[in-house]
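*Asks:* My questions concern the predicted model and sequence given below.
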Amino acid sequence: MGLLSPFSLVGLAVSCLRFLDFTRWERMKIKTSWLLCAAGLLGFMVGCGPDLSHLPKTVKAEGTVTLDGIPVDQATVVFIAQQGQYSARAITDASGKFTLQAFDEKPGAVPGDYKIQVNKTVLNESGGGSDPGAGGTVQVSYGLPKRYAAISTSGLKYTIPDQDTSDILLELKSK
């Protein structure tokens, strides 16, 4: 069930007024008050979005990460601007696909030249058995070759154009 719009609420209120013992003039004043309140509420709801004018232009930037031709799931992809202050990030899905986002407030990435790093952390738990208090061990390892975890060693670069792109392909190699 959806929420009622302000104008639906006005209609409901006006219908209820017919059953109350008000003069025509009083009903008109009440209808006008409800209509003004609804219009004010609607204006408030429309005008309450975040001010994004201070943020630069972004474009949709989507792609795929593979390792030896196999899609990489749950990898963190970070694009770091070569010139400028904006970076963009994403996490891949099971098919290796990602959608970059530079700002929490709006989708997309800022057009420009980027260096790229791709990380995947794998947790291996062992010991402890079925007893949660027995205390096992957790080993943390790279799920991808370590060289891709830093922009200084990954060798990955990409230029995000001024228009939307969905063909970014990051083909990682294990050797």
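*Replies:* That came in fine, so what should we check first? What you see is a predicted model; the values in this text were computed from it and never measured.
*Asks:* mind checking the end-to-end distance for stretch 146-157?
*Replies:* 17 Å (C-alpha to C-alpha, to the nearest Å).
*Asks:* list the buried ones in it?
*Replies:* Neighbour counts using 16 or more other C-beta atoms under 10 Å place 147-149, 151, 154, 156 of stretch 146-157 among the buried residues. Bear in mind the C-beta positions are built from the backbone N, C-alpha and C, glycine included.
*Asks:* Can you tell me which of those residues comes closest to residue 64?
*Replies:* The closest of these to residue 64 turns out to be residue 156 (C-beta to C-beta; 13.2 Å).
*Asks:* need the contact list for that closest one.
*Replies:* By C-beta atoms under 8 Å, 6 or more residues apart in numbering, the contact set of residue 156 is 115-118, 148, 170.
*Asks:* Which of these fall within strands?
*Replies:* Within these, residues falling in strands by DSSP state E are 115-118, 170.
*Asks:* could those residues be laid out in CSV, adding distance to residue 100 and neighbour count?
*Replies:* Shown next, in CSV, are the ones in strands among the contacts of residue 156 (distance: C-beta to C-beta, whole Å; neighbours: other C-beta atoms under 10 Å):
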residue, distance to residue 100, neighbour count
115, 14, 18
116, 10, 20
117, 13, 19
118, 12, 23
170, 11, 21
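*Asks:* ok, so of those residues, who is nearest residue 126?
*Replies:* Distance to residue 126 across these (C-beta to C-beta) is lowest for residue 118, with 26.5 Å.
*Asks:* What distance do you get for that closest one to residue 78?
*Replies:* Residue 118 sits at a distance of 8 Å from residue 78 (criterion: C-beta to C-beta, to the nearest Å).
*Asks:* What of residue 175?
*Replies:* With C-beta to C-beta as the criterion, residue 175 and residue 78 are 23 Å apart.
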